[in-house]
Every structure is written in C-alpha cells, then in structure tokens.
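Q: show me the folded form of this:
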Amino acid sequence: MSATDIPIAAELADNLRAVNEAFAACHDIVVHPYRYGNSLSHDMAVVYCETLIRQPDVSIVKSVLLNLVREMPGETEIASVDRIAAFFERGGASYKPFELLNGIGQAVRSVVEGRMVLLFDGWNKALGFDALSIERRAVTEPSSEAVISGPREGTIEDLHTNIGLLRVRLSTPEFKIEMYETGTHTKQKFVLGYLQNVVQPELLAELKRRVSVIDRTEALDVTYIRELIEDAVYSPFPQYRITERPDVAVSSLLEGKIVIMMEGSGTILICPIKFTELFQSAEDYYQRTIISTLVRWLRVIAFVIALTLPSLYIALSTFHPELIPSNLLLAMLDTREGIPFPAFVEAVLMQFFFELLREAGIRLPRPIGSSVSIVGALIIGDAAISAGIASPIMVVVVALTGIASFSIPQYEIAIALRILSFPLMIMAFFLGGFGLMIGFILILLHLTCLRSLGQPYLAPIAPLRPLQLFDVIVRAPLKERFRLSKRRKFARPD
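A: Numbering: from 1, shown residues only. Model (predicted):
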C-alpha cells in the first residue's frame, strides 16, 4: 500500500514511520517531535519543508492551538488531544487557518505545498497549517508590454497575487475563478477566470472540455496549456494571446473572453482571440482615438512590409525590372555591380545574419544585448557592403524589414512574420510576382481556416460582422464602444 492510500492512524509512531518512508532521501523535510499538556504528557510532531518555510517557529503551534481550542474565558492550559479532536471534528477547521487531514497522502501533499503538518498521538487526523514563505518577485512594470501612459503593474509568478490584480479591478461576484490541477508529479494549479454574465456558455464549455483532458500533463507554464488546447499546433500564428498586463486581461474579460493563470507562471493566457487583436496595444485605449487609429494603420503597414518587402525586392529585380522606375533601376544596377550572388542569395544571407543578431541581443544580458544588436547590425551591414557580399539597397531592405517587425506589439506575430518571409522569398525567386501572390494567398487561406477555441480567427472580417468592425479598422471612441455593447457580441457562433 502506497503512502497515498494509508489512513492516518491513532498511533503517532505509525504515522511518523509512514511519513519518513514517503520522504526518504528528502533532506529538506524536517520532522520535529513535540510534547504538550499539563505535564507534557501528550506527544505530537510537526512536519514541514524547510526550503518552503524560511523561518519556522514551532512555538507558534502552541499559541495557535491554545487560542483555537480555548472555550472558557480565562482558561490558560493547553488543550488535550481529546478536546483538539472534538473541536476540529465538529467543524472547527472550517473557519480557522487549518486544514483537517485524513490520510498520509494528504499530509505528504500538504508538506510539499508549504504547510506545517501537525500529527497527534491518539488522534487519527492531522492538521495542516499554511506557512508558505518563499521569496516572490515584486509587482513591477512588464518589460514586454511597456506603455507611456496607463497602469504600470504586471503579473508575477504567484497565482494568488495575479488573481488579486484582476479581482481589484473587477469588484463583482460575476467574476468567477475555477481551480484545476495538472501533472502527476508537478501538481500545478491553474485557474480559469471569466465573467459569468458576459462569457458565451458554448466557449466556456468547450474550454472546460479541453482542459479536462490534460490533468496528467506535466505543465510548468500557461504556454504549455496553450499548446495543449489550441486547434492548429503547427501554425506559426498564435491562436491565444499571452499578456503580463492585468488591465489587458480585465479588458478581455469584459469582452466575454476567458483567462487562464497558473501558479509559477508570470503571464496570463487569453482565449479566444482574433487576428486583428494582435495589432492592438494596451496603450491604444489610453490615447486619443485619432492617434490610436493612425498607429494601428501604421502597424498594419509594418506587417505588410515585414512580410513581403524582401520577396518583393527579389521578384522585381529578378523577373519584373520593367516595373521599377528607370532612375531607381539604374541606381540598383550600379550598386549591384560586383556582387557575386543573385538577389535571392543576397537577401537570404542578410536576413539570416540579421536574425542571428536579433537572437543574440535577446539572449545576452540586457545591458549589453541592445548594444550588440544595434552596433552589430551596423558593423555587419557596412562590412558586407565593403566586402562586396551585399549591395547597399539590400541592406536598406533588410533593415526596413527588421524595423517593421519591431513595430508590431505582439512578439509572437513578429516571429511568425520572420518565419514566413523565407518561403515567400523562395517563391518570389522561382516564380517572381506570381509566386509572391500565390504565397500571400496561401497565407490568407491558412488564416481563414484557423480557429481560436473553435471561433473564426479572421472574425469580424471573415465571416463579416459589421458591428464589430468599428473597433478594428479604427479605434472606436469608448462611448461608442460601450454603446454597441461589443463585449456581449464577441465570438457569436455562426
């Protein structure tokens, strides 16, 4: 019989033997024997994990127990095990900071979750006292979603803190939090959060169905859950949104979406999403409507540039030079004189070097990472031109492509553009403008077929939902946005 199946015995020695067997070779587990009562005639033991409880003070057990079971005014002696058992068995643990445990498995689980477990001789129950005190990162501004105006708070790796950051902004009982657990060994807790009077019941039921089948998966972060529940695993486009901003999560909840948060994860997963939302930033709603609208259009233009500019240059210079103005064509031919590679090889090499620099800038320590990216790009570009490996016009094209990809708020969609630019360059090299057109159509077809939690990814464009377009093409004024009750019309089944 495993420790998880053993009930707690009335004999303390039997319980300690089972606990020691369960925690064999766990040197951070402390088992502290203790005596209490009038003549110190009662035996008990305190079990805890010293790496989860930084400064355990066993004397707190005596004072807490004394306060918990004291029934008569002026009573000062500590209670016997009979009174302790009677107090908790008739419901005392339901409103006190203790948990009543019935089995060795429960006791072991409580210890590894950061509780002090109290075992008593003569009582076939145990008490779990929450004493978790590990260090946590403070709530700071999220580095990946920095804004000029708006809240500066970001999520951290503590589930209760993250829930509190949302709860303080949603002071309503309609904000529901449902707890789940995944993993045979990790036992990671994660929650689904939603507004009951706003969320579509079909979406909630579908998400619950998907998370119900991952209970044995060793998930360490919400990104694990994202991959386990998404519709198209091999698509380069994100089907769910990751954010570190509580205000973004709350805004999504008000639109009828569902958030997923996990213990130990510093991000929030939002589902479902629409492709158009990947061009939106939290700052859009903290600025004036006209400014946010123009910035959104700029991001869409940057998306097209980052996706098609290198392949467009290859197609024009290789297959369709007649479409280039004469003066520009002569300048391009002059700069390409002496270059030993065709435009395709030149573009692939420069894109590859640029991606290496970008990755190096991310992986290096932050103080020098940005310097390496900028200085490295300048040095490699100048060296490539001087060595006759690349033309100045190609360096400009690659630089514009990189800058355009940085203009997109969501990092994951920028990665998708970087991946897709290479097959587009290949198609442009072999088929010219027709290849570029075919590649663009294939990407559009793929986006049309994608689903986010079963909902159309390109909505409200395909299928067309006119009422929701008002906050896609432009950033709708807040009074119009609320008047149309857009949040209650999200993801209506077709």
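Q: out of everything not next to it in sequence, what's closest to E355?
A: Once flanking residues are discounted, E355 sits nearest to R418: 6.5 Å by C-beta to C-beta, 6 or more residues apart in numbering. Placement of C-beta: from N, CA and C, glycine included.
Q: and for that neighbour, the neighbour number?
A: Neighbourhood size, R418 [other C-beta atoms under 10 Å]: 18.
Q: sec struct for it, please.
A: Three-state call for R418 (DSSP: H, G, I helix; E, B strand; the rest coil): helix.
Q: where's it relative to V213, distance?
A: 33 Å (C-beta to C-beta, to the nearest Å).
Q: how about the residue nearest to E355, what does it touch?
A: 306, 355, 405 (C-beta atoms under 8 Å, 6 or more residues apart in numbering).
Q: check pLDDT for those and point me to the minimum.
A: Looking at these by pLDDT, the weakest one is E355, with 85.
Q: for the helix or strand hosting it, packing partners?
A: Take DSSP states H and E as the rule and E355 turns out to sit in helix 343-363. Helix 343-363 sits against helix 289-318, helix 366-386, helix 392-406, helix 411-431, with contacts defined as 3 or more C-beta pairs under 8 Å, 6 or more residues apart in numbering; DSSP states H and E.
Q: buried residues, stretch 341-353. List them.
A: Of all the residues in stretch 341-353, those buried under the rule 16 or more other C-beta atoms under 10 Å are 341, 343-344, 346-351, 353.
Q: where along the stretch 201-350 of the chain do the helices fall?
A: 201-211, 222-229, 246-254, 289-318, 326-335, 343-363 (DSSP state H, counting those that start in this stretch).
Q: show me what the second one is in contact with.
A: Helix 222-229 has contacts (C-beta under 8 Å, 6+ apart) with 182, 190, 207, 210-211, 214, 217, 219, 233, 239-240, 242, 260-262, 265, 267-269, 271, 453.
Q: just the buried residues out of these, in ChimeraX syntax.
A: Buried subset of the contacts of helix 222-229, written as a ChimeraX selection, criterion 16+ other C-beta under 10 Å:
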select :182,190,207,210,211,214,217,219,239,240,242,260,261,262,265,267,268,269,271,453
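Q: which of the contacts of helix 222-229 fall in strands?
A: 182, 190, 242, 260-262, 268-269, 271 (DSSP state E).
Q: farthest pair within those?
A: T182 and I242 (17.9 Å; C-beta to C-beta).
Q: remind me which residues of the chain are low pLDDT?
A: 1-4, 37-39, 54-80, 87-97, 366-374, 480-494 (pLDDT under 70).
Q: how much space between the most centrally placed residue in the chain and G433?
A: The centre of the chain sits closest to T267, judged by C-alpha atoms, centre = their mean, with a distance of 3.3 Å. Distance of T267 to G433, computed by C-beta to C-beta: 41 Å.
Q: rewinding a little: which of the contacts of R418 ranks first by neighbour count?
A: Busiest of the contacts of R418 [other C-beta under 10 Å] is A306, holding 25 neighbours.
Q: so A85 sits in a helix?
A: Yes: secondary structure of A85 (three-state DSSP): part of a helix.
Q: return the distance of it relative to T140.
A: 47 Å.
Q: the more surrounded of those two?
A: Taking other C-beta under 10 Å, A85 and T140 do not tie; A85 has more neighbours (19 against 11).
Q: and V168, how many residues sit next to it?
A: Per other C-beta under 10 Å, the neighbour tally for V168 reads 11.
Q: contact partners for it?
A: Contacts of V168 by C-beta under 8 Å, 6+ apart: none found.
Q: likewise the one 4 residues further on?
A: Contacts for T172 were tallied using C-beta under 8 Å, 6+ apart; they are L195.
Q: check the offset of stretch 319-337 from the chain's centre.
A: Relative to its chain's centre, stretch 319-337 lies at 47 Å (C-alpha atoms, centre = their mean, to the nearest Å).
Q: CA atoms only for it - export them in CSV, please.
A: Output of stretch 319-337 as CSV, limited to C-alpha atoms (Å, rounded to 0.1, in the frame of the first residue of the first chain):
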residue,chain,number,x,y,z
PHE,A,319,11.6,39.0,-63.0
HIS,A,320,10.0,42.4,-63.3
PRO,A,321,12.7,45.1,-63.7
GLU,A,322,10.4,47.0,-66.1
LEU,A,323,8.1,47.9,-63.1
ILE,A,324,10.9,49.8,-61.4
PRO,A,325,11.4,53.5,-62.3
SER,A,326,14.3,53.9,-64.6
ASN,A,327,16.4,56.1,-62.3
LEU,A,328,15.9,53.7,-59.4
LEU,A,329,16.7,50.7,-61.6
LEU,A,330,19.9,52.3,-62.8
ALA,A,331,20.9,53.1,-59.2
MET,A,332,20.2,49.5,-58.2
LEU,A,333,22.2,48.0,-61.1
ASP,A,334,25.1,50.3,-60.2
THR,A,335,25.1,49.2,-56.5
ARG,A,336,24.8,45.6,-57.5
GLU,A,337,27.8,45.7,-59.8
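Q: buried set for that stretch?
A: Buried residues in stretch 319-337, counted by 16+ other C-beta under 10 Å: 319, 324, 332, 335-336.
Q: rewinding a little: out of the helices and strands packed on helix 343-363, flag the one nearest R136.
A: helix 366-386 (21.1 Å).
Q: measure V233 to P272 for me?
A: Where P272 is concerned, V233 sits at a distance of 16 Å (C-beta to C-beta).
Q: likewise F129?
A: In terms of C-beta to C-beta, F129 sits 41 Å off from P272.
Q: which one of the two has more residues nearby?
A: Comparing F129 with P272 by other C-beta under 10 Å, the one with more neighbours is P272, at 28 against 20.
Q: what's near enough to touch that one?
A: Here P272 is in contact with 203, 239-240, 257, 452-455, 491 (C-beta under 8 Å, 6+ apart).
Q: that older thread, the helix holding E355 to helix 326-335, inter-axis angle?
A: 80 degrees (axes from the mean of the first three to the mean of the last three C-alpha atoms, to 10 degrees).
Q: understood, closing this out.
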